[in-house]
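Trainee: need a structure here:
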Amino acid sequence: MCFSFEVSIATFLFSWITSIYLLNKGLNGINKQNIIFLMIFSSIQLADAVLWYNNMEENKTNYMITSFIIPLLLSCQILYNVYGINDNKNNFISLIVIIGIIYIFNRFNGYSKSLCNNTLSSPIWGSKEIKLWELVLFLIFILYPDYMGMLKAFIVLSLIKIFIGGAYGTLWCAIANLMSLYYLYKY
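Mentor: Just a heads-up that it's a prediction; the model follows:
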């Protein structure tokens, strides 16, 4: 989620072009997994761009993007980390993943609207701001067992809560850009 159509589409294109470039460099398994995750993660920006282009109007396009595409992309992030990267075989974790994905589809069912009460305008998926506890759980789902990544994410969330007071969704845009630049430098 970004600030405008232009920023969202630019973030999507930058992340995907960077990812395709890096995938063609013959990366090893872990590095390749990181890039594929970046592609899944940054795909949210394309959905976000459609919402901005649509001016957040409550119509069929907004409903389909908010209720189906965004939850699908969020679920793919969880599924890729749990099964693609970590090769989960634990039935209990699989049950938690299923419950989490059902929650995501239920949570974001509805229309997105623009958060206009601060300078970091961001679409509010399903017309309800993401709660801090929801974001923390989601980050655990997509980052486990990267404890350093989780610590960094919790620090950033705390700073956003203290200094901005919300607009957590804008993180997708900022993180996609930062990850792209980091991987471009690292690989």
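Trainee: what helices or strands is the helix or strand of the chain at the bottom of the mean pLDDT ranking leaning on?
Mentor: Least confident element among the helices and strands of the chain, by mean pLDDT, DSSP states H and E: strand 122-124 (a mean of 75). Strand 122-124 is packed against helix 44-53, strand 113-115, with contacts defined by 3 or more CB pairs under 8 Å, 6 or more residues apart in numbering; DSSP states H and E. Yep, even glycine has a C-beta here, placed from its N, CA and C like the rest.
Trainee: which of the ones you listed sits closest to residue 20?
Mentor: Evaluated with CB to CB, the helices and strands packed on strand 122-124 place helix 44-53 nearest to residue 20, the distance being 14.6 Å.
Trainee: who are the packing partners of that closest one?
Mentor: helix 5-23, helix 70-79, strand 122-124, helix 170-186.
Trainee: the shortest one pairs with which strands, and in what direction?
Mentor: Okay, so that is strand 122-124. Partners of strand 122-124 in the sheet, by DSSP bridges, are strand 113-115 (antiparallel).
Trainee: where does this structure dip in pLDDT?
Mentor: The chain contains residues with pLDDT under 70 at 1-2, 115-121, 161, 163-171.
Trainee: now do stretch 74-90: distance to the chain's middle.
Mentor: Centroid separation between stretch 74-90 and its chain, computed with CA atoms, centre = their mean, to the nearest Å, is 15 Å.
Trainee: in it, what counts as buried?
Mentor: Of the residues in stretch 74-90, 74-82, 85 count as buried by neighbour count, 16 or more other CB atoms under 10 Å.
Trainee: could you dump those residues to JSON lines with distance to residue 24?
Mentor: JSON lines is the format used below for the buried residues of stretch 74-90 (distance: CB to CB, whole Å):
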{"residue": "74", "distance to residue 24": "27"}
{"residue": "75", "distance to residue 24": "28"}
{"residue": "76", "distance to residue 24": "22"}
{"residue": "77", "distance to residue 24": "23"}
{"residue": "78", "distance to residue 24": "27"}
{"residue": "79", "distance to residue 24": "25"}
{"residue": "80", "distance to residue 24": "20"}
{"residue": "81", "distance to residue 24": "24"}
{"residue": "82", "distance to residue 24": "27"}
{"residue": "85", "distance to residue 24": "21"}
